[in-house]
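Undergrad: Build me a model from this:
(one chain, ligands or ions: 2)
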Amino acid sequence: MKNYKIPTLTIAGSDSSGGAGVQADLKTFSAIGTYGMSVITAITAQNTKGVFMVEDLSKEIIKKQIEVVFDDIRPKSLKIGMVSSEEIIKEIAKTLDKYKPENLVIDPVMISKSGYSLLKPEAKQSMIEYLIPMAYIITPNTPEAEEITGIKIDNVEDMKLAGQKILELGPKFVLMKGGHLDGDAVDILIGKDIFKVYKSERLYRKNTHGTGCTLSSAIAAHLALGYDICESVKRSKEYITNAIRYSFDIGSGVGPVHHFYEIENKKI
Ligand SMILES: Nc1ncnc2c1ncn2[C@@H]1O[C@H](COP(=O)(O)OP(=O)(O)OP(=O)(O)O)[C@@H](O)[C@H]1O
Ligand SMILES: Cc1ncc(CO)c(N)n1
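TA: Ligands and ions are numbered 1, 2, ... in the order given. Here you go, the predicted structure:
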């Protein structure tokens with residue numbers, strides 16, 4: 001059930017076109033029905049056609065945003081999206097370590113759909129070392145899982161293998177996203193005693209900007225509302241599938257998914 005007074009937080013980059021990053025996260029929190037807050041790590045000059053410029057914020061202002069939010073409105077869940085440099089990753093890990101947050105969802109953002117690198121290559125190792133072990137759940141797509149594990153992923157069997165290897169890095173759960181493979185959109189949830197497959201039909205849509213951001217923030221919102229991990233992933237998978245189903249043309253490139261499909265399709 002929605003509860004707009006339950007605080008959820010995103011720590012991520014800003015997408016000026018509103019389809020991905022912090023903007024997608026806040027829309028998702030609102031659509032699922034929680035109170036959304038944001039710590040911005042970087043500004044991207046981005047639209048539906050691509051990413052044109054990126055500027056990181058200083059580690060000092062990132063740290064301060066986290067501290068003032070936690071000291072005043074402790075989130076019930078949070079997600080981490082774009083964190084581009086080693087310096088920023090270390091600062092976030094150090095700052096969060098003080099607060100021992102529950103329900104930390106990590107979306108290990110590396111490359112935008114349009115091919116722009118959002119994580120500096122040399123920062124990958126610090127993400128593996130400092131951030132991934134803190135995660136309650138991490139949600140890599142297949143190229144990200146390949147980068148993290150070195151395993152080439154061509155099918156569901158490879159996804160399972162890579163997922164197990166990521167689990168050994170320390171997160172409680174791994175959700176391997178299969179959106180980049182052919183056929184049905186199959187995601188796999190792996191934990192010490194959990195193995196679950198979430199399958200949806202593949203939707204042939206042009207407008208898929210922000211799918212990964214939206215799924216991870218939907219999981220964070222559902223966890224904050226008190227659903228367990230399996231139910232949170234199930235509901236979030238349904239949400240992203242419908243958001244893709246009702247995605248729409250805005251701008252001339254890859255448009256956004258529809259965060260508020262439920263409201264728009266409801267007869268008033
Ligand atoms: N064409 C599709 N039809 C149905 N579901 C899809 C499709 N593409 C992706 N998904 C689902 O959307 C969710 C996000 O997966 P995806 O692999 O696209 O994430 P991502 O690559 O991290 O996204 P982004 O490019 O925004 O970073 C997953 O649940 C995936 O199965
Ligand atoms: C700011 C931002 N974060 C994440 C993504 C996902 O690819 C994006 N395109 N932009």
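Undergrad: so what's residue 172 closest to, chain neighbours aside?
TA: Leaving aside its chain neighbours, residue 172 sits nearest to residue 136 (5.1 Å; criterion: Cβ to Cβ, 6 or more residues apart in numbering). Every C-beta, even on glycine, is put in place using the N, C-alpha and C of the backbone.
Undergrad: Quick check, pLDDT for the one you found.
TA: pLDDT recorded at residue 136 is 98.
Undergrad: Now residue 49. Nearest residue, chain neighbours left out?
TA: Using Cβ to Cβ, 6+ apart, the nearest residue to residue 49 is residue 253, at 3.7 Å.
Undergrad: Surely the one you found touches residue 50?
TA: Yes - using Cβ atoms under 8 Å, residue 253 is in contact with residue 50, at 7.0 Å.
Undergrad: so what sits against both of those two?
TA: Counting by Cβ atoms under 8 Å, 6 or more residues apart in numbering, the shared contacts of residue 253 and residue 50 are residue 114.
Undergrad: contacting residues around the residue of the stretch 51-200 of the chain at minimum distance from ligand 1?
TA: For the stretch 51-200 of the chain, the residue closest to ligand 1 is residue 179, as judged by Cβ to the nearest ligand atom, at 2.5 Å. Taking Cβ under 8 Å, 6+ apart, we find residue 179 in contact with 141-142, 185, 187, 211-212.
Undergrad: repeat that with 10 Å
TA: Shown in contact with residue 179 (Cβ atoms under 10 Å, 6 or more residues apart in numbering): 141-142, 185-187, 200, 202, 208, 211-212, 215, 240, 244.
Undergrad: Also residue 121?
TA: Per Cβ under 10 Å, 6+ apart, neighbours of residue 121: 110, 147.
Undergrad: Kindly list the main-chain dihedrals of it?
TA: Here is the backbone geometry of residue 121 (degrees, to the nearest 10): phi -50, psi -40.
Undergrad: Distance of it relative to residue 212?
TA: Noted for residue 121: a distance of 19 Å to residue 212, by Cβ to Cβ, to the nearest Å.
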